[in-house]
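Trainee: pasted the sequence and its predicted model underneath.
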Amino acid sequence: MAAEAPVGLGTAESYSVLGGQTVTNTGPSTLSGDLGVSPGTAITGFPPGLAAGSTHAGDAVALQAQADLVVAYDDAAGRAPTADVAGDLVGQTLTGGVYKSTGPLALGGTLTLDAQGDPNTVWIFQIASTLITATASSVALINGAQACRVYWQVGSSATLGTTSTFRGTIMALTSITVTTGTTVEGRALARNGQVSLDDNTFTTPGCATGPPTSTTSPTPPPTDTPPTTTSTSGDSTTTPGTTTSAGPTTNPGGGFPGDEDDGGPENGGPFGQGPDSPTYVGDLADTGIAAPVGRLIGFGVLLLTLGGLLVAALNKSRARRHG
């Protein structure tokens, strides 16, 4: 079953109390939201009552809020019921849905609203006539249920018992009476009659939205493919992490022993380190140390050659002196 959509309150959403003809108060009631009346203009008992929001008595702002309340009331009344309720709701635990009562509805104790872990769950109570709650009764919210998503559409008037705890937005066709010491997490919005308060506390319910449900699998991160490197010396193709050798490359010309293009030890150069030499180091190519070893051998051969020439020159010099 698709989740029930919230009832749009329009500009009436900012009100804790909105009356049709009058709003009266006794004692230090506190309202966290706006206070208003329309088309009537009478608001009494503020102070000692205190409204944290704005107060609008018979002005255009209150008139617009009443117009939005009519739309919201009709929306709630027109929803298709998902279950029927009757009599007293005490002791019941209800999941989200639209609950219809064809007569008066009462609450003699505790009613529990269970969101079953979904904070977007909505409850709409369609009450044909009156709603009356008993002294110290309460509406309890569990498993993510939120007062901002509870709506009571009352076909005539509502009365909340003394020191009770009520949650949700009451939209009454006629009047709403909130008796001594009652706490309301929500709103008291009356279309045609009065709202009466007596040392009450109204808090505006915050409304957290649950995370969206996703059926899309996460896309795995792209896998990097190592680049292919083509060597210009010989016919080898090298991929990082592998070594492929196509054998020594012969380069004509000379240079310093061990350089890539010098015809040195690994290239059969002029220092006698070709494949036929007993000191040929081509077998070391795959170890990665052929070039260093080739350079050392080249230096050794060069030093031996120079040493031999030096000794021969010295011997020749001695022979001349003693001749």
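Mentor: That came in fine, so what should we check first?
Trainee: quick check: residue 15 touching residue 35?
Mentor: Yes. Residue 15 lies in contact with residue 35 (Cβ atoms under 8 Å); the separation is 7.1 Å. C-beta coordinates here come from the backbone N, C-alpha and C atoms, glycine included.
Trainee: show me whatever sits in contact with both of these two.
Mentor: Applying Cβ atoms under 8 Å, 6 or more residues apart in numbering, one finds that residue 15 and residue 35 are jointly contacted by residue 53.
Trainee: can you pull the contacts of residue 206?
Mentor: Per Cβ under 8 Å, 6+ apart, neighbours of residue 206: 146, 148.
Trainee: could you check the pLDDT of residue 266?
Mentor: Per-residue confidence (pLDDT) for residue 266: 44.
Trainee: kindly report the same for residue 235.
Mentor: The confidence metric pLDDT takes the value 46 at residue 235.
Trainee: when you give positions from now on, start the count at 57
Mentor: All right, first residue 57 from here; so that's residue 291.
Trainee: I'd like to know how far residue 73 sits from residue 159.
Mentor: When distance is defined by Cβ to Cβ, to the nearest Å, residue 73 is 27 Å away from residue 159.
Trainee: neighbour count winner among the two?
Mentor: residue 73 (31 against 11; other Cβ atoms under 10 Å).
Trainee: who touches the helix or strand harbouring that one?
Mentor: According to DSSP states H and E, residue 73 maps onto strand 71-75. For strand 71-75, contacts defined as Cβ under 8 Å, 6+ apart pick out 68, 79, 87-94, 96, 99, 107, 109, 118, 121-122, 125, 240, 243-246, 249-251, 253, 258, 260.
Trainee: for the nearest residue to residue 123 once chain neighbours are set aside, give me its contacts.
Mentor: Spatial nearest neighbour of residue 123, chain neighbours left out: residue 66 (7.9 Å); criterion: Cβ to Cβ, 6 or more residues apart in numbering. By Cβ under 8 Å, 6+ apart, the residues touching residue 66 are 120-121, 123-125, 127-128.
Trainee: give the buried subset of those as a ChimeraX selection command.
Mentor: To isolate the buried ones among the contacts of residue 66 in ChimeraX, judged by 16 or more other Cβ atoms under 10 Å, type:
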select :120,121,124,125,128
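Trainee: so which residues of the stretch 157-306 of the chain form strands?
Mentor: Ranges of strands within the stretch 157-306 of the chain are 161-163, 166-170, 179-183, 187-189, 194-198, 206-210, 214-216, 221-228, 232-234, 239-246, 251-254, 257-259, 285-286, 293-294, based on DSSP state E, counting those that start in this stretch.
Trainee: can you dump the C-alpha atoms of stretch 214-233 in PDB for me?
Mentor: Extracted as PDB, the C-alpha positions of stretch 214-233 are listed here (Å, rounded to 0.1, in the frame of the first residue of the first chain):
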ATOM      1  CA  ALA A 214     -13.100  18.900  20.100                       C
ATOM      2  CA  THR A 215     -12.500  19.000  23.900                       C
ATOM      3  CA  LEU A 216      -9.200  18.000  25.400                       C
ATOM      4  CA  GLY A 217      -9.300  16.800  29.000                       C
ATOM      5  CA  THR A 218      -7.400  18.400  31.900                       C
ATOM      6  CA  THR A 219      -3.600  17.600  32.200                       C
ATOM      7  CA  SER A 220      -3.800  15.500  29.100                       C
ATOM      8  CA  THR A 221      -1.100  15.200  26.500                       C
ATOM      9  CA  PHE A 222      -2.300  15.500  22.900                       C
ATOM     10  CA  ARG A 223      -0.300  15.200  19.700                       C
ATOM     11  CA  GLY A 224      -1.300  16.200  16.200                       C
ATOM     12  CA  THR A 225      -3.200  19.000  14.400                       C
ATOM     13  CA  ILE A 226      -6.800  19.400  15.200                       C
ATOM     14  CA  MET A 227      -8.900  20.900  12.400                       C
ATOM     15  CA  ALA A 228     -12.400  21.400  13.800                       C
ATOM     16  CA  LEU A 229     -15.400  22.600  11.900                       C
ATOM     17  CA  THR A 230     -16.800  24.500  14.900                       C
ATOM     18  CA  SER A 231     -14.900  25.000  18.200                       C
ATOM     19  CA  ILE A 232     -11.900  23.600  20.200                       C
ATOM     20  CA  THR A 233     -11.700  23.700  24.100                       C
END
